[in-house]
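Visitor: below are the sequence and a predicted model; questions follow.
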Amino acid sequence: MGHAVGDVLGLAAGVAVSPLPIVAIILILATPQGRLNGLLFALGWVLGLAALGAIMLAVGGTGGASAHKHPATWVGALKLALGALLALFGVRQWQRRPKDASQAQLPKWMAAIDRFTPVKILGLGLLLSAANLKNAPLTIAAGASISSAGLPVPQQIGTLAIFVVIASLGVLAPLAVYLAMADARSVLGNWRDWAALHNVAVMAVLFFVLGLKLLGDGISILAT
């Protein structure tokens, strides 16, 4: 289990560093029902990651993800494909980044976030975790790594839970600050501004670096 946890730690950290979801939850916390909406967004985020990871564990279990505790060939091919996809996205993001960070623009839907219903907030958390161009491939890769480790089901579930907790730290940190600090608005405002300014550059670097990691993992599995 320790080896499996080590394999997914980097992937979980990559999911945790997600500027747009961090900006989203900070904006949500500033709404009139900030406490409730923040908790719903965090719940949606956690459920999205857990569900996607669980699906991958189920696929790995029925698809023979490991043989004698060695990853199956399809696991290596999957990581190779996901790595190439992320690296390509990273290059495209970098090429499209604003030359001046101050010109960076947030998605238009963020301007209407204060009018979202609780159901929409929950759905937004699910969407930004499980359907995100960076987070979805990383979560799928983590599920494949856990499946291929040859662990009993309870240990697979435990490893996935560790992945989800670490991958959620970026979103949970603003919520914790909001709940614990009296002057949370100024602190969160600074976080929001930094994440908004550097979102594209951070995402580009993460896409590329994590893509290279998955490419290396895939090549290693296929070459063994």
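Guide: Nice, thanks for sending it over. Bear in mind the structure is a predicted one, so any value in this text is a computation, not a measurement.
Visitor: Ala180: neighbour count?
Guide: Around Ala180 there are 8 other residues, counting by other C-beta atoms under 10 Å. For glycine as for every other residue, the C-beta is placed from the backbone atoms N, C-alpha and C.
Visitor: how close does it sit to Pro71?
Guide: 41 Å (C-beta to C-beta, to the nearest Å).
Visitor: next: Val23.
Guide: In this view, Val23 and Pro71 are 36 Å apart by C-beta to C-beta.
Visitor: with Val46 instead?
Guide: 27 Å.
Visitor: of those two, which one has the most company?
Guide: Remark: of Val46 and Pro71, Pro71 carries more neighbours, 26 against 20, as counted by other C-beta under 10 Å.
Visitor: right, and the helix or strand after the lowest-mean-pLDDT helix or strand in the chain?
Guide: The weakest-scoring helix or strand in the chain, judged by mean pLDDT, DSSP states H and E, is strand 66-67 (a mean of 62). Downstream of strand 66-67, the next assigned helix or strand under DSSP states H and E is strand 70-71.
Visitor: list of residues touching that next one?
Guide: Residues outside strand 70-71 that contact it (C-beta atoms under 8 Å, 6 or more residues apart in numbering) are 65, 144-145, 148, 150, 221, 224.
Visitor: so Thr31 is in which element?
Guide: Thr31 belongs to no helix or strand, assigned by DSSP H and E.
Visitor: without its sequence neighbours, what residue ends up closest to it?
Guide: Once flanking residues are discounted, Thr31 sits nearest to Asp114: 4.7 Å by C-beta to C-beta, 6 or more residues apart in numbering.
Visitor: next, count neighbours for the one you found.
Guide: Other residues within reach of Asp114, judged by other C-beta under 10 Å, total 14.
Visitor: my guess is Gly143 contacts Gly61. True?
Guide: No. With contacts counted by C-beta atoms under 8 Å, Gly143 stays clear of Gly61, the gap being 10.4 Å.
Visitor: those two: which is more packed in?
Guide: Gly143 (28 against 13).
Visitor: check contacts around the residue nearest to that one when sequence neighbours are not counted.
Guide: Counting by C-beta to C-beta, 6+ apart, Gly143 lies nearest to Met56, which is 2.5 Å off, once chain neighbours are set aside. By C-beta under 8 Å, 6+ apart, the contact list for Met56 reads 139-140, 142-144, 146-147.
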